[in-house]
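>>> have a look at this fold, sequence not included:
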């Protein structure tokens, strides 16, 4: 038997494609993306609606059970170890009361105020909101279909379920039922949208952005969101992520420094294992609030936990606090010192990182001053809006009396964060742009163009600075300066009287007679 032929050792031509051996089976195409779309094309509209209803209902029940079950278990264990008076209410009534309180806390996480005994609590535990949002996202990703009908059915189902829970619990009377319906519609719609968009057959964020741009251009005739503004919004999101990451590390440092105080609170309460579970759930629910308060602390305004209290990097004014172990991690007097007064510099550093993120994705040869302005606008807008909404949801009334003021000032925090992030980003973008134009000698040319105020550049001739383009071989290199006299129209040098200028080839002006 002859030996099998060896592969040819001849060198391959660069860029040439080699044919696949006939004996090698063709690679099987992945059907992960194709199967769901082909399977859903044959579904009836009712099937899409049912999928959305099932997804939203499952998420609502799951997130509600995480809050209600620990409360019921803690109540049952507590009553089993204590003697019940003869005139005490029936056990079923007490269980119903525990369930109502747990439902009220679940609704509070959705932004629905909790009213009990003429006391209104509006401090929303954002951990419960995050739990409900994640449950809706996971359920929609697994059970919903990629269709508008499924999304609408899921959002409406979640809103109806939230309203039913509020009516059953009785903790949201009157107008609060409308708040429950609106909060459920927003929460359910957001969770369903996130879950549907990450499905294999769902549209990507880029496709959604392109469709929105096309629709806006058809309606208004202009590009409402330029590419540079979109880049600025992305860079601003990076700054917010860095700020929240630093705030989370700060909360961990506070918890480590205040572990002795938290341990004393737990020892004094003696909650037992059931009470410990309830305390753990309660503290996890308030942990996102504390992270947002720490972000306000870093920016400078700080936060309050009760009227007359203030926690800032420049000083601490504390007072009596509820017996919650997590509040033992609040910063004390030692955290207000000359070093902590420089905490806002960290927020400025987040802006510097956002500016670097944006500039690395720009083409310096195409960047104009309006483009720099659009990028800065997006970087300032994103942290301002996100901090305003986050601090507004994280603040509220935590109880009667002095606990009616808990959290940070949303307007002050959003304004300072936007200013500090924008200042750091402006230092990077303006410095980089000035460096580019100074090395090319274009400062005078840019000034002349600004004074002349030329008309708008046609869309076909204007380049997108957020894209990478191949350099023009006929264009001057980065090191070739621009003739300032030509830009200003002063290229005619003074001539000697009586001299006659000879027309050059291609000169449309001809000769100029001497004086």
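Looks like it came in fine. Since the structure is predicted, the reported quantities are computational estimates derived from the model, not experimental observations.

>>> max-length helix in the protein?
As assigned by DSSP state H, the longest helix anywhere in the chain is helix 45-80.

>>> name the helices or strands packed onto it?
Applying 3 or more Cβ pairs under 8 Å, 6 or more residues apart in numbering; DSSP states H and E, one finds that helix 45-80 makes contact with helix 91-109, helix 126-143, helix 148-169, helix 176-197, helix 272-299. Glycine gets a C-beta too; all of them are placed from N, C-alpha and C.

>>> okay, buried residues for it please.
Under the neighbour-count criterion of 16 or more other Cβ atoms under 10 Å, helix 45-80 has 48-60, 62-64, 67-68, 70-71, 74-75 buried.

>>> which stretches of this protein have low pLDDT?
Low-confidence segments of the chain (pLDDT under 70): 1-42, 78-94, 171-174, 205, 222, 271-275, 440-464, 466-515.

>>> residue contacts, the residue positioned nearest the centre of it?
What sits nearest the mean C-alpha location of the chain, by Cα atoms, centre = their mean, is residue 237, with 5.4 Å. Counting by Cβ atoms under 8 Å, 6 or more residues apart in numbering, residue 237 touches 382, 386.

>>> could you look up the SS state of residue 307?
Using DSSP: H, G, I helix; E, B strand; the rest coil, the structure places residue 307 in coil.

>>> can you pull the contacts of residue 432?
When contacts are counted by Cβ under 8 Å, 6+ apart, residue 432 touches 359, 364.

>>> burial count for residue 376?
Neighbours of residue 376 under the rule other Cβ atoms under 10 Å: 25.

>>> all numbers from here: first residue = 4
From this message on, residue numbering opens at 4, which makes the last subject residue 379.

>>> helices or strands up against the helix or strand harbouring it?
Using DSSP states H and E, residue 379 falls within helix 372-397. Applying 3+ Cβ pairs under 8 Å, 6+ apart, one finds that helix 372-397 contacts helix 129-146, helix 230-260, helix 275-302, helix 347-362, helix 413-443.

>>> figure out how far that helix is from the centre of its chain.
Relative to its chain's centre, helix 372-397 lies at 10 Å (Cα atoms, centre = their mean, to the nearest Å).

>>> beyond that helix, next helix or strand please.
Using DSSP H and E, the helix or strand that follows helix 372-397 in sequence is strand 409-410.

>>> state the distance from the closest residue to residue 329 other than its chain neighbours to residue 330.
In this structure, residue 329 finds its nearest non-sequential neighbour in residue 286, 4.2 Å apart by Cβ to Cβ, 6 or more residues apart in numbering. Distance, residue 286 to residue 330, by Cβ to Cβ, to the nearest Å: 9 Å.

>>> now the residue nearest to residue 133 when sequence neighbours are not counted: how far from residue 242?
Sequence neighbours aside, residue 291 is the residue nearest to residue 133 in space, at 6.2 Å (criterion: Cβ to Cβ, 6+ apart). Distance, residue 291 to residue 242, by Cβ to Cβ: 19 Å.

>>> neighbour count for those two, which is higher?
With neighbours defined as other Cβ under 10 Å, residue 291 and residue 242 compare such that residue 242 has more, 30 against 22.

>>> test my guess that the more buried one contacts residue 351.
No - Residue 242 is beyond contact range of residue 351, at 10.1 Å (criterion: Cβ atoms under 8 Å).

>>> between the two, what contacts are shared?
Both residue 242 and residue 351 are contacted by residue 424, under the criterion Cβ under 8 Å, 6+ apart.

>>> sorry, back to before: I'd assumed residue 129 was in contact with the residue nearest to residue 133.
Yes - assessed by Cβ under 8 Å, residue 291 is found in contact with residue 129 at 3.8 Å.

>>> now list whatever residues contact both of the two.
residue 397.

>>> burial count for the residue lying closest to residue 214 once chain neighbours are set aside?
Closest residue in space to residue 214, ignoring its immediate chain neighbours: residue 206 at 7.9 Å, by Cβ to Cβ, 6+ apart. The number of residues packed near residue 206 is 14, by other Cβ under 10 Å.

>>> ok, residue 206 touching residue 199?
No - with contact defined as Cβ under 8 Å, residue 206 does not reach residue 199; the gap is 9.2 Å.

>>> shared neighbours, the two?
Counting by Cβ under 8 Å, 6+ apart, residue 206 and residue 199 have no contacts in common.

>>> can you give the contact residues for stretch 318-336?
Residues outside stretch 318-336 that contact it (Cβ under 8 Å, 6+ apart) are 254, 257-258, 260-262, 264-269, 271-272, 282, 285-286, 289-290, 293, 300, 308-309, 311-314, 338-339, 401-402, 405-406.

>>> among the residues you listed, which ones are buried?
Buried by 16+ other Cβ under 10 Å: 254, 257-258, 260-261, 265, 268, 282, 285-286, 289-290, 293, 300, 308-309, 312-314, 338-339, 401, 405-406, out of the contacts of stretch 318-336.

>>> gap between residue 50 and residue 259?
Distance from residue 50 to residue 259, by Cβ to Cβ: 52 Å.

>>> and for residue 163?
Per Cβ to Cβ, residue 163 is found 44 Å from residue 259.

>>> the more surrounded of those two?
residue 163 (18 against 9).

>>> let me see the contact set for that one.
184, 187.

>>> what's the spacing between it and residue 257?
Distance of residue 163 to residue 257, given as Cβ to Cβ: 41 Å.

>>> ok, residue 137 next?
Applying Cβ to Cβ, the value for residue 137 to residue 257 is 25 Å.

>>> got it, and residue 345?
18 Å.

>>> report how many residues lie close to residue 442.
Around residue 442 sit 12 other residues, with neighbours defined as other Cβ under 10 Å.

>>> what sits against the closest residue to residue 150 other than its chain neighbours?
Leaving aside its sequence neighbours, residue 150 sits nearest to residue 51 (Cβ to Cβ, 6+ apart; 4.5 Å). Contact analysis of residue 51 by Cβ under 8 Å, 6+ apart lists 43, 148, 150, 152, 153, 156.

>>> most surrounded residue in those residues?
Within the contacts of residue 51, residue 153 tops the neighbour count with 29 neighbours, counted by other Cβ under 10 Å.

>>> in contact with the spatially closest residue to that one that is not a sequence neighbour, which residues?
Excluding its sequence neighbours, the residue lying closest to residue 153 (Cβ to Cβ, 6+ apart) is residue 55, at 3.7 Å. Shown in contact with residue 55 (Cβ under 8 Å, 6+ apart): 143, 147, 148, 152, 153, 154, 155, 156, 157, 158, 160, 195.

>>> mind redoing it with 7 Å?
Shown in contact with residue 55 (Cβ atoms under 7 Å, 6 or more residues apart in numbering): 147, 152, 153, 154, 156, 157, 160, 195.

>>> from these, pick the one nearest residue 109.
Proximity of the contacts of residue 55 to residue 109 (Cβ to Cβ) peaks at residue 160, which lies at 16.5 Å.

>>> how many other residues sit next to the closest one?
Using other Cβ under 10 Å, residue 160 has 22 other residues around it.

>>> surely it touches residue 57?
No - contact criterion Cβ atoms under 7 Å: residue 160 and residue 57 do not qualify, at 8.7 Å.

>>> can I get the helices and strands packed on helix 48-83 in CSV with distance to residue 118?
Shown next, in CSV, are those (distance: least, Cβ to Cβ, whole Å):
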stretch, distance to residue 118
helix 94-112, 8
helix 129-146, 17
helix 151-172, 10
helix 179-200, 7
helix 275-302, 19
